[in-house]
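**Student:** Fold the stuff below for me.
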Amino acid sequence: MVEEFKVGDLVWAKMKTFPPWPGKVCRPPEQLKKAKNKENMLCIFFFGSNNFAWIENAYVKDYETNKEICSKGAKSNSFHDACRKIEEYKEQLEKGEIPPDHPLLLEETPTEEVDDSGGSKEEVKEDKKPRRGRKKRSIEENGEDAKGTKEVAPKKRKSNTVAKNAPEPKPSSSSAGSAPSPSNANHMQRKSAVANFLDRPNTISKLVDLPMNIQHVSQTLKDKNITPSSLKFGFLGLGHMGSGIVKNLLNSGHKVVIWNRSTEKCRDFITAGAEQGMTPSDVIQSADVTFGCVSDPTAAKEMVFGNCGVLQEITAAKSYVEMTGIDSETSIDIAEAVGSKGGRYLEAQIQGSKVEAQSGTLVILAAGDRGLYEDCQSSFQAMGKHSFFLGDVGNASKMNLVMQLIQGVSVATLAEGMALADRAGLQQRDVMEILQLTNMACPLFLEKGNGIIEGSFPTHQPLQHMQKDLNLSIGMGHQLEQPLPLAATANEIFKHAKRLGYGEHDVAAVYIRARF
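**Tutor:** Numbers count the residues shown, from 1 in each chain. Sure thing, here's the model as predicted:
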C-alpha cells in the first residue's frame with residue numbers, strides 16, 4: 001500500500017540507478033520543472049547534495065520506519081554525509097531550534113568548495129545552528145606579547161578547568177585558516193611558539209573579486225569570426241574558469257544551458273541568454289554536449305556519479321566533456337561510466353588562467369572520442385586560441401599535470417628569488433626590470449613578479465588549485481617510479497601558503513610562504 005506524506009515529512013526517496021537517499025517532502029521551488037503526473041509525484045529535497053527532484057510516491061518511504069533497512073551495507077561517503085545532515089536536522093526539530101514547517105533553504109546546509117576549475121571555489125557557508133554550552137577561551141603565555149596569543153577552537157563539552165569569568169578573545173585575522181583543536185590547554189601552550197611561527201603573517205589581504213561584464217564582446221572574439229554550432233551545449237560550474245568560458249560561448253552565438261551549485265552566479269548569464277538547469281542531470285537532458293568544470297577530482301566524480309548527476313540522463317544521444325583538472329585514473333573512470341550508457345566522452349583540460357578564460361585565449365588539451373572533439377570545434381574556438389587532440393582518454397590529463405608541474409615549480413622559484421632580493425635589501429622592481437631584459441623574460445614571470453610587488457594577489461589562478469595539481473603530478477610520478485624532488489618541495493611550499501589562508505588567492509601568494 002502506498003504511503004501518504006505531507007510537506008515536512010522526512011523520507012527515503014529512490015531515483016533510478018541510485019540507492020534510497022535521505023530527504024524531505026517539500027514544496028517545489030519555482031525553477032523546478034513541473035511533474036508530468038503531479039498526482040502521484042512528490043517534490044523531494046535531498047540532504048547532502050542539496051538537490052530537488054520529483055519522485056513517484058511508490059518510491060518514497062518513511063524515514064524512521066525504514067532507517068535500518070535503507071542504511072545497511074557499504075555506502076559512499078556522500079551517502080553517509082547525507083545521513084549525518086538529516087540526523088542533525090531532525091535533532092534541531094526535536095529541540096525546537098527550527099519550526100516543523102521550516103522551508104529547508106539551501107543556506108541551512110554548509111556547502112563544500114567546488115568551483116570552479118579554475119573556477120572559483122564556492123564560498124563555505126557558516127553553520128548557523130545554535131551551539132549550546134560552548135565557551136571560547138584564550139591561552140596566555142608567560143613572556144609572550146599579544147601577537148603570540150593563539151585562539152583555541154571551542155570544545156563541544158564545557159571543561160571544568162576553564163574559569164567561569166574567563167574573558168572571550170576577539171577573533172584575530174590569524175584564525176582565518178584552519179583552527180587547531182588541541183586535546184588540552186597545556187599541550188597548546190607547549191606548541192604555541194612553533195604554531196605562532198607557522199601561522200605567520202598575521203594579516204591576510206582581503207580578496208576583491210571584480211565583476212565581469214558578461215555582455216562585453218572582446219576584440220579577440222570578434223576577430224575569430226566564429227560560426228556557432230547548431231548543437232545545444234550544457235555547462236556545469238561557473239567558477240573562475242567556467243564563468244569566462246560560458247561568457248565567450250554566449251557571445252559567439254552558441255546555445256547554452258548552465259548549472260552551478262550556487263544559483264546566484266547564474267543570474268547574469270540567464271539575462272545574457274543562457275538557460276538554467278536545476279541539477280546536472282537536467283542540463284544533460286536539455287543539451288546535446290555538456291561540459292563539466294569544477295574544482296577537483298572529488299567534485300568531478302560527485303557531479304557525475306552523485307544524486308541527480310550526469311550519469312542519470314546519459315544516453316547514446318548525449319555527450320560529456322570533462323574540463324576539470326583531474327588525474328588520468330579519474331578521467332578513465334568517468335569515460336567508462338559514460339560509455340557504459342552509450343554516451344560519448346572527451347577530456348578537455350585547459351591551460352591558462354581567469355584572464356585567458358575571459359579573453360578566449362586558453363589552450364585546450366583534448367583526448368577521447370575524436371568525433372566529439374570535431375563536434376566541439378566551434379566551442380573550442382570560442383574558448384581558446386588553440387586545441388590539441390592527444391589520442392586516448394588519460395593522455396590530456398597527464399599532459400595537463402606536466403604543464404602544471406612546470407608552472408608550479410617556476411612560480412615557487414620566482415617567489416624565493418624575490419624573497420631573497422628583498423632580504424638582501426635589493427629593490428624588487430629592479431629585479432623584474434633586469435629579468436625582463438634576459439632570456440628568462442616570459443608572461444608568467446612578469447605577471448606573477450608584478451603581483452608579488454603589488455602584494456594584493458587578485459585571483460587569476462587559485463593557489464589551492466595549483467597545489468592540487470602538484471599533488472596529482474607527484475602521484476603520477478609515484479605510479480611511474482619517476483623521482484620528482486623539485487615538485488615535491490614546491491608542493492610543500494604551496495601547501496604551507498594554503499595553510500596561511502591564501503588558498504583562494506592567486507598562485508603568486510606563495511611568495512608569502514617564501515618570504516616568512
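**Student:** Now do the contacts for P28.
**Tutor:** Each residue near P28 by C-beta atoms under 8 Å, 6 or more residues apart in numbering is listed here: 34, 43, 52, 54. To be clear about C-beta, it is placed using only N, CA and C from the backbone, and glycine gets the same treatment.
**Student:** Among those, which pair sits farthest apart?
**Tutor:** K34 and F52 (12.4 Å; C-beta to C-beta).
**Student:** Just want to know which of those two has more residues nearby.
**Tutor:** Legend: neighbour count by other C-beta atoms under 10 Å for K34 and F52, higher for F52 (20 against 8).
**Student:** how near is that one to Q479?
**Tutor:** To Q479, F52 is 40 Å away according to C-beta to C-beta, to the nearest Å.
**Student:** now do V304
**Tutor:** For V304, the distance to Q479 - C-beta to C-beta - is 22 Å.
**Student:** So which of these two has more stuff around it?
**Tutor:** V304 (24 against 10).
**Student:** Please determine how far the more buried one is located from N77.
**Tutor:** Distance, V304 to N77, by C-beta to C-beta: 15 Å.
**Student:** All the helices of the stretch 251-400 of the chain, residue numbers only.
**Tutor:** Taking DSSP state H, counting those that start in this stretch as the test, the helices found in the stretch 251-400 of the chain are 267-271, 280-286, 297-305, 328-340, 354-359, 370-375, 377-383, 395-423.
**Student:** Can you lay out these as a markdown table showing distance to H496?
**Tutor:** Compiled in a markdown table, the helices of the stretch 251-400 of the chain are given as follows (distance: least, C-beta to C-beta, whole Å):
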| stretch | distance to H496 |
| --- | --- |
| helix 267-271 | 36 |
| helix 280-286 | 35 |
| helix 297-305 | 22 |
| helix 328-340 | 26 |
| helix 354-359 | 24 |
| helix 370-375 | 39 |
| helix 377-383 | 33 |
| helix 395-423 | 11 |
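**Student:** so which of the ones you listed comes closest to A441?
**Tutor:** By C-beta to C-beta (comparing all of those), the closest turns out to be helix 395-423, at 12.1 Å.
**Student:** And the helix or strand following that closest one, what does it pack against?
**Tutor:** Next in sequence after helix 395-423, counting helices and strands by DSSP states H and E, comes helix 428-436. Here helix 428-436 touches helix 395-423, helix 443-454, going by 3 or more C-beta pairs under 8 Å, 6 or more residues apart in numbering; DSSP states H and E.
**Student:** Would you mind finding the most buried of the ones you listed?
**Tutor:** Highest mean neighbour count among the helices and strands packed on helix 428-436 (mean count of other C-beta atoms under 10 Å): helix 395-423, with a mean of 20.
**Student:** Give me the angle between that helix and helix 328-340.
**Tutor:** 150 degrees (axes from the mean of the first three to the mean of the last three C-alpha atoms, to 10 degrees).
**Student:** so where's the stretch 201-350 of the chain uncertain?
**Tutor:** Applying pLDDT under 70 to the stretch 201-350 of the chain flags the ranges 201-210.
**Student:** the strands in it, which residues?
**Tutor:** Using DSSP state E, counting those that start in this stretch, the strands of the stretch 201-350 of the chain run over 232-236, 255-259, 275-276, 289-292, 319-322, 344-351.
**Student:** Can you tell me which of these is most buried?
**Tutor:** Of the strands of the stretch 201-350 of the chain, strand 319-322 is the most buried (mean count of other C-beta under 10 Å), at a mean of 28.
**Student:** Sheet-wise, list the partners of it with their directions.
**Tutor:** Sheet pairing here is set by DSSP bridges, and for strand 319-322 it gives strand 289-292 (parallel), strand 344-351 (parallel).
**Student:** I'd like those written out as a markdown table, with distance to E4 added.
**Tutor:** Compiled in a markdown table, the strands paired with strand 319-322 are given as follows (distance: least, C-beta to C-beta, whole Å):
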| stretch | distance to E4 |
| --- | --- |
| strand 289-292 | 37 |
| strand 344-351 | 42 |
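**Student:** of all the ones you listed, which lies closest to A337?
**Tutor:** strand 344-351 (8.6 Å).
**Student:** now the closest one, how far from the centre of its chain.
**Tutor:** In terms of C-alpha atoms, centre = their mean, to the nearest Å, the centre of strand 344-351 is found 18 Å from the chain centre.
**Student:** Dump the C-alpha coordinates for it into PDB.
**Tutor:** Coordinates of each C-alpha in strand 344-351 appear next as PDB, following Å, rounded to 0.1, in the frame of the first residue of the first chain:
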ATOM      1  CA  ARG A 344      30.500   9.800 -25.900                       C
ATOM      2  CA  TYR A 345      33.300  11.200 -23.700                       C
ATOM      3  CA  LEU A 346      36.100  13.600 -24.200                       C
ATOM      4  CA  GLU A 347      38.500  15.100 -21.700                       C
ATOM      5  CA  ALA A 348      39.400  18.700 -22.500                       C
ATOM      6  CA  GLN A 349      42.000  20.000 -20.000                       C
ATOM      7  CA  ILE A 350      42.600  23.700 -20.100                       C
ATOM      8  CA  GLN A 351      45.900  25.700 -19.800                       C
END
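**Student:** Was I right to think G8 contacts V25?
**Tutor:** Yes. Between G8 and V25 there is a contact under C-beta atoms under 8 Å: 6.6 Å.
**Student:** quick one on the thing from earlier: same list, the strands of the stretch 201-350 of the chain, but as JSON lines with distance to Q312 please.
**Tutor:** Putting the strands of the stretch 201-350 of the chain into JSON lines (distance: least, C-beta to C-beta, whole Å) gives the following:
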{"stretch": "strand 232-236", "distance to Q312": "13"}
{"stretch": "strand 255-259", "distance to Q312": "13"}
{"stretch": "strand 275-276", "distance to Q312": "18"}
{"stretch": "strand 289-292", "distance to Q312": "12"}
{"stretch": "strand 319-322", "distance to Q312": "12"}
{"stretch": "strand 344-351", "distance to Q312": "16"}
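**Student:** what pLDDT does D115 get?
**Tutor:** Note for D115: predicted pLDDT of 42.
**Student:** With N57 instead?
**Tutor:** 85.
**Student:** related to what we said a few turns ago, pick out the lowest-pLDDT one from the contacts of P28.
**Tutor:** Comparing the contacts of P28 by pLDDT, K34 comes last, at 78.
**Student:** How about the secondary structure of that residue?
**Tutor:** The three-state label given to K34 by DSSP: H, G, I helix; E, B strand; the rest coil is coil.
**Student:** quick one, what contacts it?
**Tutor:** Counting by C-beta under 8 Å, 6+ apart, K34 has contacts P28.
**Student:** out of the strands of the stretch 201-350 of the chain, nearest to I332?
**Tutor:** Closest to I332 of the strands of the stretch 201-350 of the chain is strand 344-351 (C-beta to C-beta; 9.2 Å).
**Student:** My understanding was that A272 contacts L250; is that so?
**Tutor:** Yes. Counting by C-beta under 8 Å, A272 touches L250, with 5.3 Å between them.
**Student:** and for those two, which residues touch both?
**Tutor:** Common contacts of A272 and L250 (C-beta under 8 Å, 6+ apart): I214.
**Student:** And the two? Which one has more around it.
**Tutor:** Comparing A272 with L250 by other C-beta under 10 Å, the one with more neighbours is L250, at 23 against 14.
**Student:** wait, what's in contact with that one?
**Tutor:** Taking C-beta under 8 Å, 6+ apart, we find L250 in contact with 214, 256, 269, 272-274.
**Student:** so where's the stretch 1-150 of the chain shaky on pLDDT?
**Tutor:** 1-2, 16-17, 38, 73-75, 98-150.
**Student:** Look up the pLDDT of H496 for me, please.
**Tutor:** 95.
**Student:** got a list of what the closest residue in space to Q436 that isn't next to it in sequence touches?
**Tutor:** With sequence-adjacent residues excluded and distances taken as C-beta to C-beta, 6 or more residues apart in numbering, Q436 is closest to L446, at 6.4 Å. Neighbour list for L446: 432, 435-436 [criterion: C-beta under 8 Å, 6+ apart].
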